[in-house]
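Chemist: task: produce atomic coordinates for the following.
(2 chains)
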Amino acid sequence: MTQHMSRVPRAGRLRGLLVAVLASAMFVAAAHAGTWSQTYVSGGQEWGDGGIGLSAFNEGIGYNQLSWSYNAMRSTLCNASYQCYDYLTEWDGWIQDYAYITYGRAKCNSYGSYVYVYHCHTNNY
Amino acid sequence: MNTRRHAVIAVVVLVAGALGLAAIEAVEGATEPPRDYGAWAPGVAAPVSAMNRLPATAQVPTRLVESVRAASQATGGDAANATSSLRLLRNDLGVGRSDIYAYSPGEGATCMVFWPRVALCPTAKTSPLPGVVATFVRGGASYPGGATYAGLPDNAPPALAGVAADNVKAVVFRNNGNESRLRLVNNTFFLEVERPAAEFAWRMELEVQYKDGSTRTEVIPDPRA
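Modeler: Numbering: from 1, shown residues only, chains lettered A, B, ... in the order given. Got it, this is the predicted structure:
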C-alpha cells in the first residue's frame, strides 16, 4: 500500500516533467520554425580562378559569409532560374553580404588563382 | 604477469589515443580560418585616427551589433573589444542613406561595416591596397532589409565605400574613364555610381595615393559578369 501510494505521485511527477519537456521542445521548435543555415563550402580548399560554391535552395536568404586568404572572392545570391544579383568582389579575406532574395541560393566564387577558401556560409536570418 | 600485460596495453592505448587526438587537432587547425589580421590592415599598417577621435556609437541596429560580434568571433578577435570600439564614421550617405561603421576586434585591425549592405574584415594575407578596406557594392533592390533593420530604397545606386588609414593621402575612382577624386572624411571615402546599361562595358579602378609618394591600384571587375 505504501509502495503503491508512493508510486502514484512519482508517476505523476514524471508525467508532469514529460509534458513540460515536450512543451519546451514544441516552443523551441516553433520559435525556430523556418530558420535555416548552411555552410556550403568548408574545410579549407585551394581554388583556381572561377571556382564556384552553391548552397541549397531556400526561402528568404539574407546573408552570405565568405572567408578566404589570398586574392579575391565574389558573393551573390541567385534565383531558381540561376539569375544572380551583381557580384560583390572583395580582397579583404572575410565578408558578410546582407543581400536578400525571397527564394534562391547563395553563391561564392573565387577570383584569381590560388584562392584558399575557408568557408562559404549562408542563412535565412 | 597478466596485470603487467594489461598495464602495458593500457599505456599503449592511451598513447595511441593521445597521438590520434593530436593528429585530429593538427588537421582541424590547418583548415581553420586565420586567427589574425593582415599586416596590411588599416589600424595595423598605419593608424586610423578617427577611431580614437570619435565618440562611441550610442544607438546601433541590433542586426549590426550581432554582425560585429559574429565577425569578431569568426576572425579570431574579441567580441567585447569589437563592440566597445564600434564607431560611426559617416552616416546618411547618398540615396541609399547608408552608414559607414568601423571597429577593432583585435590587434588594432580595423573592420568596416557599410550598413546595411556588407561587412568586411582584413584577414587576407595580402591586399592590393595596403591600409585600406573597401567595397564596391550593388544597389538597393538587393537589400530590402529584414524584420530587425531597415533596408535600402530600391532606387539606391551601386556604391563604393571604404576606410583608409592615416597614411593615405588621396583616393581616386575611375568609372568607364570618368575620374573622381574622393573626399576623405573621418578616414572614409564614399561614392554612388550609376549602373551602366547591359550593352555597355563597365570598367572601374580604385587608385590609392599614399603619403610616402607611392600609388597602388585595384581593378574592380564588372559586377555583372
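
Chemist: every contact and neighbour count from this point should use C-alpha atoms.
Modeler: Noted.

Chemist: pLDDT weak spots in chain A?
Modeler: Judged by pLDDT under 70, chain A has its weakly predicted residues at A:1-33.

Chemist: my bad, chain B
Modeler: Ranges of chain B meeting pLDDT under 70: B:1-35, B:147.

Chemist: so which residue is smack in the middle of it?
Modeler: For chain B, the residue sitting closest to the mean C-alpha position, by CA atoms, centre = their mean, is B:Leu120 at 1.7 Å.

Chemist: so what strands line up beside the helix or strand where that residue lies?
Modeler: Using DSSP states H and E, B:Leu120 falls within strand B:118-122. Using DSSP bridges, the strands paired with strand B:118-122 in its sheet are strand A:93-97 (antiparallel), strand B:109-115 (antiparallel).

Chemist: with distance to B:Val185 and mean neighbour count added, can I get the ones you listed in TSV?
Modeler: Below are those laid out as TSV (distance: least, CA to CA, whole Å; neighbours: other CA atoms under 10 Å in any protein chain shown):
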stretch	distance to B:Val185	mean neighbour count
strand A:93-97	23	27
strand B:109-115	15	27
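
Chemist: ok, the closest residue to chain A within chain B - contacts?
Modeler: Using CA to the nearest CA, the closest approach of chain B to chain A is made by B:Ala124 at 4.1 Å. Applying CA atoms under 8 Å, 6 or more residues apart in numbering or on different chains to B:Ala124 gives the contacts A:Trp68, A:Ser69, A:Tyr70, A:Asn71, A:Trp91, A:Asp92, A:Gly93, A:Trp94, B:Tyr37, B:Gly38.

Chemist: please state the offset of stretch A:53-62 from the chain centre?
Modeler: 9 Å (CA atoms, centre = their mean, to the nearest Å).

Chemist: which other residues reach it?
Modeler: Outside stretch A:53-62, the residues that touch it by CA under 8 Å, 6+ apart are A:38-41, A:80, A:98-109, A:120, A:122-125.

Chemist: so which of these sit within strands?
Modeler: Judged by DSSP state E, strands contain the following of those: A:38-41, A:101-109, A:120, A:122-123.

Chemist: ok, and the most crowded of those residues?
Modeler: Within the ones in strands among the contacts of stretch A:53-62, most neighbours by other CA atoms under 10 Å in any protein chain shown means A:Ala106, with 30 neighbours.

Chemist: in the sheet, which residues pair with that one? Tell me.
Modeler: Beta-bridge partners recorded for A:Ala106 (DSSP bridges): A:Leu77.

Chemist: chain B contacts on chain A?
Modeler: Residues of chain A lying near chain B by CA under 8 Å from any CA of the partner chain: A:43-44, A:67-71, A:85-101, A:118.

Chemist: give me the buried entries from those.
Modeler: Among the residues of chain A next to chain B, the ones that count as buried by 16 or more other CA atoms under 10 Å in any protein chain shown are A:44, A:67-71, A:85-101, A:118.

Chemist: per-domain residue ranges of chain A.
Modeler: Structurally, chain A divides into domains by automatic domain parsing as follows: A:1-33, A:37-123.

Chemist: and the longest one, end to end?
Modeler: In this case it means domain A:37-123. Using CA to CA, to the nearest Å, the end-to-end distance of domain A:37-123 comes to 4 Å.

Chemist: now swap in stretch B:102-111 and tell me
Modeler: Stretch B:102-111: ends 6 Å apart by CA to CA.

Chemist: would you mark the buried spots in that stretch?
Modeler: Neighbour count says stretch B:102-111 has B:Ala102, B:Tyr103, B:Ser104, B:Pro105, B:Gly106, B:Gly108, B:Ala109, B:Thr110, B:Cys111 buried, by 16+ other CA under 10 Å.

Chemist: need the max-distance pair from the residues you listed.
Modeler: B:Ala102 and B:Gly106 (12.5 Å; CA to CA).

Chemist: contact residues of chain B facing chain A?
Modeler: Counting by CA under 8 Å from any CA, chain B sits next to chain A at B:30-33, B:75, B:116-128, B:133-138, B:142-145, B:220-221, B:223-225.

Chemist: which among the residues you listed end up buried?
Modeler: Buried members of those, scored by 16+ other CA under 10 Å, are B:31, B:33, B:75, B:116-127, B:133-138, B:142-145, B:220-221, B:223.

Chemist: ok, A:Ala72 touching A:Leu88?
Modeler: No: using CA atoms under 8 Å, A:Ala72 is not in contact with A:Leu88; the gap is 10.1 Å.

Chemist: quick one, what contacts residue 94?
Modeler: Went with chain A since none was named. Counted by CA under 8 Å, 6+ apart, A:Trp94 has contacts A:Gln65, A:Leu66, A:Ser67, A:Trp68, B:Thr75, B:Leu120, B:Cys121, B:Pro122, B:Thr123, B:Ala124.

Chemist: let me rephrase: I mean chain B.
Modeler: Residues in contact with B:Gly94, defined by CA under 8 Å, 6+ apart, are B:Ala156, B:Leu191, B:Glu192.
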